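**Q** mind looking at a prediction? Sequence and model below.
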Amino acid sequence: MSERVDLLMIQKPAWSASAERAKSLAPLLRALGDPNRLQLVLLLTERAHTVRELTDATGLSQTLVSHHLAPLRENGLVAVTPRGRSNVYELCCEAFADPVKMLASVATSTDAGAEACCVVSP
């Protein structure tokens, strides 16, 4: 009987694993939760960019682009490589690009996006 109690104390409940995953995933999703940061990530799904290229593509100031890249970098979603006097930003890995593109297509107002997601009608 005491062996059974010991085993129960060792095993974590199933919800504990999902709670731990959610806790580790929340900062990543928070980093993507800003429209400007998400726009930068979408641009980076196409290819690596310098801050100047991201500034030109978004219309945001260099300071604002750098400000929004910081949490993406801190959470490991983008990597930076110095090149001369510039920094080149790219997604952390190719595997990250596909889910981001899929989410972007779901969010669009195209028929495919509307069919792929539940949309509450007014």
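**A** Noted; the coordinates are in hand.
**Q** what's the local residue count around Leu54?
**A** By other Cβ atoms under 10 Å, 21 other residues sit near Leu54. Just so you know, the C-beta spots here come from the backbone N, C-alpha and C atoms, and that holds for glycine as well.
**Q** can you tell me which helix or strand the residue lying closest to it once chain neighbours are set aside belongs to?
**A** Taking Cβ to Cβ, 6 or more residues apart in numbering, and ignoring the residues beside it in sequence, Leu54 has Val65 as its nearest neighbour in space, at 4.9 Å. For Val65, the host element (DSSP states H and E) is helix 62-74.
**Q** what of Glu90?
**A** With DSSP H and E as the test, Glu90 turns up in strand 86-91.
**Q** quick one: contacts of that strand?
**A** Strand 86-91 has contacts (Cβ atoms under 8 Å, 6 or more residues apart in numbering) with 40-41, 44-45, 47-52, 54, 69, 73, 77-82, 97, 100.
**Q** so how do I select the buried members of the residues you listed in PyMOL?
**A** Of the contacts of strand 86-91, the buried ones go into a single PyMOL selection, burial set by 16 or more other Cβ atoms under 10 Å:
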select buried, resi 40+41+44+45+48+49+50+51+54+69+73+77+78+97+100
